[in-house]
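**Q** how does the following fold in three dimensions:
(one chain, ligands or ions: 1)
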Amino acid sequence: MIIIIGIKYKLRMILLECHKSFMIIIINTGIRMLKKEVLDLLNKQVNLENYSSNLYLAMSSWCNAQGLEGSASFLAKHSQEELQHMHKLFNYINETGSQSLIHSVDAPENIFKDIKEVFKLTFQHEQHITNKINELVDFTLEKKDYATFNFLQWYVSEQHEEEALFKSILDKIEIIGLDGRGLHLVDKEIGKLVQGK
Ligand code: FEO
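**A** Sure thing, here's the model as predicted:
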């Protein structure tokens, strides 16, 4: 006897020998699963977004300890945004019937020379993330995974915005300077970005 059962996810077809006298055939009636290499890279990106969140939280804490409330608040908010980036990837992976894997993340830097160094590092970090997103996009095209390619376009636009944002903060620091009341003014300007004030 042959029994055919449709399931939403998992393998396209699994043959299970349940009994010598009959066989169950399970057919996938749901959406495609991710290719393993694409899944591995997406899971690495989940981890990277998690690391970004921790890095910005550590920077926020350092700013707070220096009395730089505007910067502390901006970086804490940005840390939350990175968590949203992580969850967006996490949800996408799980929606495909694959499993998002959560790994441990490296401890971020906690001590910084000054506010200029903080934002130099954020800018460099965002450039690094952009490179990783671009690698992922390239790879999905190579693997003809057009759904993931399409999903990643949101990250392509987001990275463009984030690089521009952190570059604009660095420019402000350069123009205003950190001498005298400069540091206070810089911090105030960065704080205004939290509510788009
Ligand atoms: Fe999620 Fe700032 O990149």
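
**Q** give me the nearest residue to whatever residue of the chain ends up closest to the ligand, chain neighbours excluded.
**A** Residue of the chain nearest the ligand, by CB to the nearest ligand atom: H85 (3.7 Å). Just so you know, the C-beta spots here come from the backbone N, C-alpha and C atoms, and that holds for glycine as well. With sequence-adjacent residues excluded and distances taken as CB to CB, 6 or more residues apart in numbering, H85 is closest to E49, at 4.4 Å.

**Q** by contact count, what packs against the helix or strand hosting that neighbour?
**A** Counting by DSSP states H and E, the element that carries E49 is helix 36-65. Helices and strands touching helix 36-65, by 3 or more CB pairs under 8 Å, 6 or more residues apart in numbering; DSSP states H and E, are helix 69-95, helix 115-142.

**Q** if you count neighbours, what's buried in that helix?
**A** Buried residues in helix 36-65, counted by 16 or more other CB atoms under 10 Å: 38-39, 41-60, 62-63.

**Q** next, see if it gets close to the ligand.
**A** Yes. Using CB under 6 Å from any ligand atom, helix 36-65 reaches the ligand at 49, 52.

**Q** how about the helices and strands packed on helix 36-65 in a markdown table, adding mean pLDDT and distance to G182?
**A** Listed next are the helices and strands packed on helix 36-65 as a markdown table, based on pLDDT from 0 to 100; distance: least, CB to CB, whole Å:
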| stretch | mean pLDDT | distance to G182 |
| --- | --- | --- |
| helix 69-95 | 98 | 13 |
| helix 115-142 | 98 | 10 |
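
**Q** any chance of these in CSV, plus mean neighbour count?
**A** As requested, these are exported to CSV (neighbours: other CB atoms under 10 Å):
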stretch, mean neighbour count
helix 69-95, 18
helix 115-142, 17
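
**Q** ok, which of these comes nearest N150?
**A** helix 115-142 (8.8 Å; CB to CB).
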